[in-house]
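S.K.: Need coordinates for the following:
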Amino acid sequence: MQNEIIHLFASEQRITFTQIKNKLNVRSNNLSYWLNQLIKKRIMEKANNFYQLSESSEYLIPYLSSSKSALPVVLIHIGNKKMAFLIKRTKRQYKGLLSLPGGRILVGESPEQAAQRIMKTKFNLLISSPRVNLSH
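M.R.: Below you'll find the predicted structure:
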């Protein structure tokens, strides 16, 4: 339950108790227990009627994923030198800003396979023979 609660904060900075309850479809007494546990661990804070990640837990946001992945990620450029396929970010901290599409490279996956999977699952676009430029 703790992970489900924390995952809500990938896209929201502050959430009320009722919003959390409705999004997770959980009983209020159960939710109250887990929120209190997260507050005791200093992962979450309650300010006024809103819950939010503590400042020391903000680093968790990039890691909020249910996929097992290695650390490497892939950014995908579809276009040419003048135009590119851009998306509006839905996760914090850059929520609402434009970005190249991308995602994590799953364990056992090549960068080419990752690019194809990401474009298919997130945008229902099939790309063939992606070219890879590796950077560190």
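
S.K.: Quick check: end-to-end length of stretch 6-13?
M.R.: Start-to-end span of stretch 6-13 (CA to CA, to the nearest Å) is 11 Å.

S.K.: now stretch 32-52
M.R.: 14 Å.

S.K.: So residue 90 sits against residue 11, correct?
M.R.: Yes: counting by CB atoms under 8 Å, residue 90 sits close enough to residue 11 to count as a contact (5.6 Å). The C-beta positions use only the backbone N, C-alpha and C, and glycine is treated the same way.

S.K.: In terms of neighbours, single out the busier of the two.
M.R.: Each of residue 90 and residue 11 has its neighbours counted (other CB atoms under 10 Å); residue 11 has more, 14 against 10.

S.K.: Looking at that one now. What's its pLDDT?
M.R.: At residue 11, the model reports a pLDDT of 75.

S.K.: go on, residue 46?
M.R.: pLDDT, residue 46: 92.

S.K.: May I have the phi/psi pair for residue 47?
M.R.: The phi/psi pair for residue 47 (degrees, to the nearest 10) reads phi -130, psi 120.

S.K.: Check which element follows the lowest-mean-pLDDT helix or strand in the chain along the chain.
M.R.: Here the helix or strand of the chain ranked lowest by mean pLDDT, DSSP states H and E is strand 69-75, holding a mean of 67. Downstream of strand 69-75, the next assigned helix or strand under DSSP states H and E is strand 87-88.

S.K.: Give me the packing partners of that next one, helices and strands only.
M.R.: strand 98-99 (3 or more CB pairs under 8 Å, 6 or more residues apart in numbering; DSSP states H and E).

S.K.: Pretty sure residue 35 sits against residue 44.
M.R.: Yes: using CB under 8 Å, residue 35 is in contact with residue 44, at 6.6 Å.

S.K.: where do the contact lists of the two overlap?
M.R.: Shared contacts of residue 35 and residue 44, defined by CB atoms under 8 Å, 6 or more residues apart in numbering, are found at 5, 51.

S.K.: helix/strand/coil for the closest residue in space to residue 109 that isn't next to it in sequence?
M.R.: Distances taken as CB to CB, 6 or more residues apart in numbering place residue 117 nearest to residue 109, at 7.2 Å, with adjacent residues excluded. On the three-state scheme (DSSP: H, G, I helix; E, B strand; the rest coil), residue 117 is labelled helix.
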